[in-house]
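Colleague: This is the structure alone, sequence omitted:
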């Protein structure tokens, strides 16, 4: 790729603007009827055990808050409400009766969703409870930078057909973010995703918490292991594909969660978080097979689902950013 100038640039945009339109514009990917589940599988879709674990976490938050008269649960990037509904159904009746559930999603409310779930395009301004963002930040669009042949980091520009070229040098706050969180060595072709919009989105979400816990769960990397060529990619109908910003596919990039963390925040892998919430993947005892074969089969299926949620090299490697506000870190041993 080579830098462009003049009238040629009117066809080109930075990846942030291109992905914003492709994902959330009037004909954007996330406005499709089939929703995200029609194209990729998250922990929420893998097993109801995930919603059960989040419900247990919400109960811990409830206890830490002193069992308030109204407890909030906010599901960021709610898809079609799968997690919000699963958590509500998994709560003990007394907790569910006090819980206000908000599903935050740009698409319209899906038919048949539990009437107790409030569907919103933005989170409430004041939250007391748990804000849970499962695979939200990876879909907050960001700019992409690439080192050119003169060892200068430049913004990557893209057209609707996915073709790319290099634009202006990275400057200002974006350059400072790169220097702090993802320094690019002077080697042509190395790339980074500039995560500043994600840091700002997360800070804004946490700022809505009066008291409680905010959790972000996502594909992630940290400063000691940044991918040298970035992670920008696409997904369509369950398969990874080239990231083409025409609304036909999801466009995503892993999250620099360490950059998002605010003071008091902590990162841990999903397997550790779910273990702390009782999802272990342990096989049921063989004695159960002889005393209650049906229960053994159910327990064995649950163990398989738990193993998928916590597997190394898979969902278990997802990062959890845990951000308490006015309460302890509820996932510490």
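Modeller: The structure has been received and is ready for your questions. What you see is a predicted model, and the numbers here were worked out from it, not measured in a lab. Residues are numbered from 1 along each chain as shown.

Colleague: quick one, helices of the stretch 201-333 of the chain?
Modeller: Along the stretch 201-333 of the chain, the stretches classed as helices by DSSP state H, counting those that start in this stretch are 257-260, 270-276, 287-291, 293-309.

Colleague: An error on my part: the question was meant for the stretch 1-150 of the chain.
Modeller: Under DSSP H, counting those that start in this stretch, the stretch 1-150 of the chain gives helices at 15-24, 43-46, 48-64, 82-90, 93-96.

Colleague: Return the member of those helices having the minimum mean pLDDT.
Modeller: With a mean of 71, helix 43-46 has the lowest mean pLDDT of the helices of the stretch 1-150 of the chain.

Colleague: Can you list the helices and strands that that one packs against?
Modeller: Counting contacts by 3 or more CB pairs under 8 Å, 6 or more residues apart in numbering; DSSP states H and E, the secondary-structure elements packed against helix 43-46 are helix 48-64, helix 82-90, helix 293-309. (C-beta placed from N, C-alpha, C; glycine too.)

Colleague: what sits up against it?
Modeller: For helix 43-46, the surrounding residues in contact (CB atoms under 8 Å, 6 or more residues apart in numbering) are 37, 50-51, 79, 82-83, 86, 134, 217, 270, 305, 308-309, 315, 318.

Colleague: 10 Å - rerun?
Modeller: Taking contacts as CB atoms under 10 Å, 6 or more residues apart in numbering, the residues outside helix 43-46 that touch it are 36-37, 49-51, 53-54, 75, 78-79, 82-87, 134-135, 217, 270, 274, 305-306, 308-310, 314-316, 318.

Colleague: Give the buried residues for that helix.
Modeller: Going by neighbour count (16 or more other CB atoms under 10 Å), the buried part of helix 43-46 is 43, 44.

Colleague: How far does that helix sit from its chain's centre?
Modeller: 13 Å (CA atoms, centre = their mean, to the nearest Å).

Colleague: what ranges of the stretch 201-333 of the chain fall below the confidence cut-off?
Modeller: Confidence mapping of the stretch 201-333 of the chain against pLDDT under 70 gives the ranges 281-307, 315-316, 333.

Colleague: Which residue ranges of it form strands?
Modeller: Ranges of strands within the stretch 201-333 of the chain are 209-218, 220-221, 233-236, 239-241, 250-252, 255-256, 266-269, 319-325, based on DSSP state E, counting those that start in this stretch.

Colleague: Give me whichever of those strands is most buried.
Modeller: With neighbours taken as mean count of other CB atoms under 10 Å, those reach their highest mean count in strand 255-256, at a mean of 28.

Colleague: mind listing what that one pairs with, with the direction of each?
Modeller: Paired strands of strand 255-256, with direction, are strand 220-221 (parallel) (DSSP bridges).

Colleague: For residue 22, which non-adjacent residue is closest in space?
Modeller: In space, not counting the residues next to it along the chain, residue 22 is nearest to residue 245; the distance is 3.9 Å by CB to CB, 6 or more residues apart in numbering.

Colleague: pretty sure the one you found contacts residue 161?
Modeller: Yes - the pair residue 245 and residue 161 passes the contact test of CB atoms under 10 Å, sitting 8.8 Å apart.

Colleague: Between those two, which is the more surrounded one?
Modeller: residue 245 (26 against 9; other CB atoms under 10 Å).

Colleague: give me every residue that touches that one.
Modeller: By CB under 10 Å, 6+ apart, the contact list for residue 245 reads 13, 15, 17-23, 25, 28-29, 141, 158-162, 234, 251.
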